[in-house]
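need the 3D shape of this:
(one chain, ligands or ions: 1)
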Amino acid sequence: MKKILLLILVIIIIPCIFMFKAFADSSKEIKKGSIMSDKKILVAFFSATGTTEKLAQKLAKVTGADIFEIQAEKPYTDADLDWRNNNSRSSLEMEDRNCRPAISSKVENMESYEVVFIGFPIWWYREPSIIDTFMESYDFTGKTVIPFATSGGSPIGNSGENMQKLASEAKVVKGRCFSVNESEEVLKKWASEWL
Ligand SMILES: Cc1cc2nc3c(=O)[nH]c(=O)nc-3n(C[C@H](O)[C@H](O)[C@H](O)COP(=O)(O)O)c2cc1C
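Numbering: from 1, shown residues only. Coordinates of the predicted model:
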């Protein structure tokens, strides 16, 4: 009887231990260079001219997050982005707090994320209206939302508070602006507070 039990141990249990160890090692490999976190993380971003996109890619890399681009159904032209022109598309959109520019893309599995970083350029000292559309497009219940931005020098201002009002079920933190050249180390340290 003892011999049979020993045989079962050798044939079944020991290989299982080795298989589990190999699996654990391979998942560690995927996370190499990024923060080790059990949480499922998304970096969603809107970027009209590519600056915030670069930062978002760096943030996704150091957090091991999935990345999603918030794209306008009607892409912004240079004329649309002319902030010196009071009648440009961006000026008119930002003047109307109820404006919700349409988004052409959708996060299919938003329910699976616990932590969502949302990146954008600062427009008129706050989040662009398309970010307001994004906030109203999903159920953020139980999720932590962390805004991040690039700008020509302005801080993130009231963006986090504005976004919180549009998704009261989420926990939206203040967030912050970064230079597009911010180091991976700084981003990693900043992001680790929520991971
Ligand atoms: C319509 C518009 C409004 C802007 N308003 C501000 C602002 O209030 N403060 C600021 O520092 N930069 C402002 N900027 C500059 C952008 O925030 C900055 O160039 C940003 O890095 C661009 O990011 P992107 O390339 O991802 O679109 C504005 C740019 C545009 C197009």
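
element containing residue 61?
Using DSSP states H and E, residue 61 sits within helix 51-63.

list the neighbouring strands of the next helix or strand after that helix plus their orientation.
Sequence-wise, the next helix or strand downstream of helix 51-63 (DSSP H and E) is strand 66-69. Applying DSSP bridges to the sheet, strand 66-69 is found paired with strand 41-45 (parallel).

outline the domain layout of this structure.
1-30, 35-194 (automatic domain parsing).

lowest-confidence stretch among those domains?
Between those, the one with the least mean pLDDT is domain 1-30; it has a mean of 49.

how far is the helix holding residue 61 from where the chain is centred?
Centroid displacement of helix 51-63 relative to its chain, using Cα atoms, centre = their mean, to the nearest Å, is 9 Å.

what angle separates it from strand 41-45?
170 degrees (axes from the mean of the first three to the mean of the last three Cα atoms, to 10 degrees).

so which bits of this protein are right by the ligand?
Within the chain, the positions near the ligand by Cβ under 6 Å from any ligand atom are 47-53, 81, 83, 90, 121-125, 150-154. In short, each C-beta sits where N, CA and C put it, glycine included.

of those, grab the buried ones for ChimeraX.
Those of the residues of the chain next to the ligand that count as buried under 16 or more other Cβ atoms under 10 Å are selected in ChimeraX with:
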select :47,48,51,52,53,81,90,121,122,123,150,151
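
select from the residues of the chain next to the ligand every entry located in helices.
51-53, 90 (DSSP state H).

of all those residues, which two lie farthest apart?
Spatial extent of those (Cβ to Cβ) is set by the pair 53 and 90 at 17.5 Å.

give the buried residues for stretch 158-173.
For stretch 158-173, the neighbour count (16+ other Cβ under 10 Å) marks 159-160, 162-164, 166-167, 170, 172 as buried.

from the residues you listed, which ones fall inside strands?
In strands, defined here by DSSP state E, the members of the buried residues of stretch 158-173 are residue 172.
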